[in-house]
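> here are the coordinates; sequence isn't available:
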Ligand SMILES: NC(=O)c1ccc[n+]([C@@H]2O[C@H](COP(=O)([O-])OP(=O)(O)OC[C@H]3O[C@@H](n4cnc5c(N)ncnc54)[C@H](O)[C@@H]3O)[C@@H](O)[C@H]2O)c1
């Protein structure tokens with residue numbers, strides 16, 4: 001029987017590429033988003049707010065009804081509000097925290113029971129901004145650091161039934177905006193990242209035969225940028 005996955009933020013960008021990769025790997029995928037895209041064979045779009053408890057509980061029910069359970073949850077939905085902290089409204093802070101970090105707690109609360117039954121796994125998308133910052137990104141950085149910590153906490157609590165890992169992407173190009181030669185060259189890997197670079201890692205982590213001994217870990221997929229010393 002085909003394995004089943006739920007991917008949040010699957011309407012565009014990295015989440016869309018992850019959902020497509022999983023379908024190509026033979027999975028059936030529930031693609032949740034505030035603005036769900038079009039479906040396809042084995043790809044089922046559903047409108048849901050990943051940071052809202054009622055919506056996540058509804059996603060658990062939808063996965064039960066449609067698939068009879070879940071083998072994988074990818075907590076990918078994420079937003080950034082870039083503003084000086086002195087101007088960052090409390091509501092804006094809370095919206096970023098709910099979408100990026102509380103969503104992973106809600107997955108633990110409402111989706112982990114399904115994963116436990118199938119000995120499945122959970123993958124969260126953090127960011128290299130968990131470890132380094134540009135100005136005016138406090139809410140985003142805090143949530144991404146929180147995801148890295150919540151990943152090992154969940155791995156310890158949900159093991160040995162459920163493996164829990166996170167990925168910290170660097171610059172992943174998700175729009176049609178042109179990139180410069182310098183954009184690519186500054187990366188030790190020689191190029192800016194692509195959504196498929198993240199999807200490839202998630203495909204690996206989701207495969208019990210390949211990643212069965214991997215849990216509680218953070219995987220940096222950034223073309224080497226966080227290892228590069230800059231004095232300019
Ligand atoms: N693109 C990058 O360079 C990069 C780097 C590091 C980390 N990330 C992380 O990767 C993840 C995906 O980023 P992306 O660049 O593809 O973003 P994106 O903005 O291109 O797509 C995000 C998707 O999530 C959806 N979404 C937003 N809030 C939601 C919510 N509350 N519930 C459900 N869906 C919601 C949006 O509608 C959109 O379809 C995010 O967690 C982001 O922080 C991205």
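Nice, I can see it. As the structure is a computational prediction, the values presented were derived from the model and not from experiment.
> contacts and neighbour counts: CA atoms only from here.
Will do.
> Quick one: the strands in this structure, in order.
Assigned by DSSP state E, the strands in the chain fall at 4-8, 28-33, 43-47, 72-75, 121-125, 163-169, 218-221.
> Same list (those strands) but as JSON lines, adding mean neighbour count, distance to residue 207 and mean pLDDT.
JSON lines is the format used below for these (neighbours: other Cα atoms under 10 Å; distance: least, Cα to Cα, whole Å; pLDDT from 0 to 100):
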{"stretch": "strand 4-8", "mean neighbour count": "26", "distance to residue 207": "12", "mean pLDDT": "99"}
{"stretch": "strand 28-33", "mean neighbour count": "27", "distance to residue 207": "14", "mean pLDDT": "98"}
{"stretch": "strand 43-47", "mean neighbour count": "19", "distance to residue 207": "19", "mean pLDDT": "98"}
{"stretch": "strand 72-75", "mean neighbour count": "28", "distance to residue 207": "10", "mean pLDDT": "99"}
{"stretch": "strand 121-125", "mean neighbour count": "27", "distance to residue 207": "9", "mean pLDDT": "99"}
{"stretch": "strand 163-169", "mean neighbour count": "27", "distance to residue 207": "11", "mean pLDDT": "99"}
{"stretch": "strand 218-221", "mean neighbour count": "20", "distance to residue 207": "15", "mean pLDDT": "98"}
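> can you redo the ones you listed as a markdown table with distance to the ligand?
Output for these, formatted as a markdown table (distance: least, Cα to the nearest ligand atom, whole Å):
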| stretch | distance to the ligand |
| --- | --- |
| strand 4-8 | 6 |
| strand 28-33 | 4 |
| strand 43-47 | 8 |
| strand 72-75 | 8 |
| strand 121-125 | 5 |
| strand 163-169 | 4 |
| strand 218-221 | 9 |
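> Quick one: the ones you listed as a markdown table, columns for distance to residue 133 too.
Formatted as a markdown table, the strands of the chain follow (distance: least, Cα to Cα, whole Å):
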| stretch | distance to residue 133 |
| --- | --- |
| strand 4-8 | 25 |
| strand 28-33 | 27 |
| strand 43-47 | 32 |
| strand 72-75 | 22 |
| strand 121-125 | 17 |
| strand 163-169 | 13 |
| strand 218-221 | 15 |
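> of all these, which lies closest to residue 111?
Closest approach to residue 111 among the strands of the chain is made by strand 72-75 (7.7 Å; Cα to Cα).
> Which elements pack onto that closest one?
strand 4-8, strand 121-125 (3 or more Cα pairs under 8 Å, 6 or more residues apart in numbering; DSSP states H and E).
> Dump the ones you listed into TSV; add distance to residue 65 as well.
Formatted as TSV, the helices and strands packed on strand 72-75 follow (distance: least, Cα to Cα, whole Å):
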stretch	distance to residue 65
strand 4-8	12
strand 121-125	20
